[in-house]
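1. mind folding the following:
(one chain, ligands or ions: 1)
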Amino acid sequence: MSKGRLIIFSAPSGCGKGTMLEQILKNDKFCVSVSATTRNPREGEVNGVNYHFISREDFLKRVENGEFIEHAEYCNNLYGTLHSEVDRKINEGKNVILEIEVQGAMNVMKNVPDALSVFIAPPSVNELRRRLNKRGTETQEVIEERVSQAEREISCADKYDYIIINDALEDAIDDFFSVIRAEELKSVNQPSLVSDILNK
Ligand code: 5GP
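-> Residues are numbered from 1 along each chain as shown. From the prediction side, this is the model:
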C-alpha cells in the first residue's frame with residue numbers, strides 16, 4: 001500500500017476552516033491528527049477527539065521525550081502534533097491533515113520537507129471582519145484582536161505551497177481537491193509509472 005501524505009492546513013479564525021474540514025473528512029482518504037494541548041476543553045469538546053487535553057507538566061515531559069513533530073505556544077497555551085498520531089495513519093495510506101497555526105506550520109515545513117502546505121485565506125480583511133461581526137459571539141475588542149492576529153497570519157501565507165481563498169465554500173473545497181490531485185499527478189509522486197507504461 002502506498003503511504004499517505006502529510007498536509008499542513010492553516011487558516012485564521014473566521015475563514016471557514018472548520019466547515020471546510022468537515023466536508024473534506026467525508027472522503028475517507030483523509031483524516032486529522034488529534035493534537036495535544038494544555039488549554040482547557042471548551043464546552044462540547046471531547047478528550048481524544050478534539051484534542052488530547054494534558055497538563056503543562058505532562059506536555060513538557062513529552063517534548064523532552066521527543067514525542068512531538070512540532071509544538072508551539074499560542075495565546076498562552078501549548079499545542080503540539082504527536083508522532084504517534086501521524087506516523088501510523090500515514091503508513092495506513094491516509095492523508096493526514098494537521099490543523100495548525102503558522103509557527104507550527106513553519107516548523108513542520110522545515111522538518112518534513114515533503115509535507116504539502118495549504119493556507120486558507122479570506123477574500124479580504126474587511127470581509128473577515130464582517131464575518132466575525134456577523135457571528136456575534138465575541139465582543140468588538142476580541143474581534144479586533146482576531147483581525148490583527150489574522151493579518152499577521154495572512155502575511156505568512158506566501159510561505160505555503162498553496163493559498164486557497166474561501167469566498168464560496170464549494171469552490172474552496174474544489175480547489176483543495178484540485179491541489180491534492182495535482183500533487184498525486186506529479187511525476188515524482190508516480191515513480192513506477194513510466195516503466196509500467198513502457199512495459200505494458
Ligand atoms: P484553538 O484553541 O482555537 O482550538 O486553537 C488555537 C490555534 O492552535 C489554532 O490556530 C489551531 O490551528 C492551532 N493548533 C491546534 N493544534 C495545534 C498543534 O498541534 N500545533 C500547532 N502548532 N498549532 C495547533
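
2. run a quick neighbour tally on residue 22.
-> Around residue 22 sit 11 other residues, with neighbours defined as other C-beta atoms under 10 Å. All C-beta spots, glycine's among them, are computed from the backbone N, C-alpha and C.

3. so who does it touch?
-> By C-beta atoms under 8 Å, 6 or more residues apart in numbering, no residues touch residue 22.

4. quick check: mean pLDDT of the strand or helix carrying it?
-> Residue 22 is part of helix 17-24 when elements are defined by DSSP states H and E. The average pLDDT for helix 17-24 rounds to 95.

5. partners of the helix or strand following that helix, with directions?
-> Counting by DSSP H and E, the element after helix 17-24 in chain order, helix or strand, is strand 30-32. Sheet pairing for strand 30-32, assigned by DSSP bridges, gives strand 95-99 (parallel).

6. all helices for the chain, in order.
-> 17-24, 56-64, 83-91, 102-111, 125-135, 140-154, 169-185, 193-199 (DSSP state H).

7. wait, which of these is closest to residue 36?
-> Nearest to residue 36, of all the helices of the chain, is helix 56-64, at 6.3 Å by C-beta to C-beta.

8. contact residues of this structure facing the ligand?
-> Contacts of the chain with the ligand, taken as C-beta under 6 Å from any ligand atom, map to 35, 39, 70, 72, 74, 79-81, 99-101, 104.

9. try 8 Å
-> 10-13, 17, 33, 35-37, 39, 42, 50-51, 68, 70-72, 74-75, 77, 79-81, 98-101, 103-105, 107 (C-beta under 8 Å from any ligand atom).

10. how far away is residue 21 from residue 106?
-> 21 Å (C-beta to C-beta, to the nearest Å).

11. again, but for residue 165
-> The spacing between residue 165 and residue 106, counted by C-beta to C-beta, is 21 Å.

12. of the two, which one has the most company?
-> Legend: neighbour count by other C-beta under 10 Å for residue 165 and residue 106, higher for residue 106 (19 against 16).

13. touching, the more buried one and residue 153? I think so.
-> No: in this structure residue 106 lies outside contact range of residue 153 using C-beta atoms under 8 Å: 11.4 Å.

14. give the burial count for residue 41, as a bare number.
-> 12.

15. pull the contacting residues for the nearest residue to it once chain neighbours are set aside.
-> The shortest distance from residue 41 to any non-neighbouring residue, by C-beta to C-beta, 6 or more residues apart in numbering, is to residue 53 (5.4 Å). Shown in contact with residue 53 (C-beta under 8 Å, 6+ apart): 36-41, 45, 47.

16. tell me which of those residues is nearest to the ligand?
-> Closest approach to the ligand among these (C-beta to the nearest ligand atom): residue 39, at 5.4 Å.

17. please give me every residue in contact with whatever residue of the chain ends up closest to the ligand.
-> Closest residue of the chain to the ligand, C-beta to the nearest ligand atom: residue 104 (2.1 Å). Counting by C-beta under 8 Å, 6+ apart, residue 104 makes contact with 70-72, 79-81, 98.

18. that's all I had, so thanks and see you.
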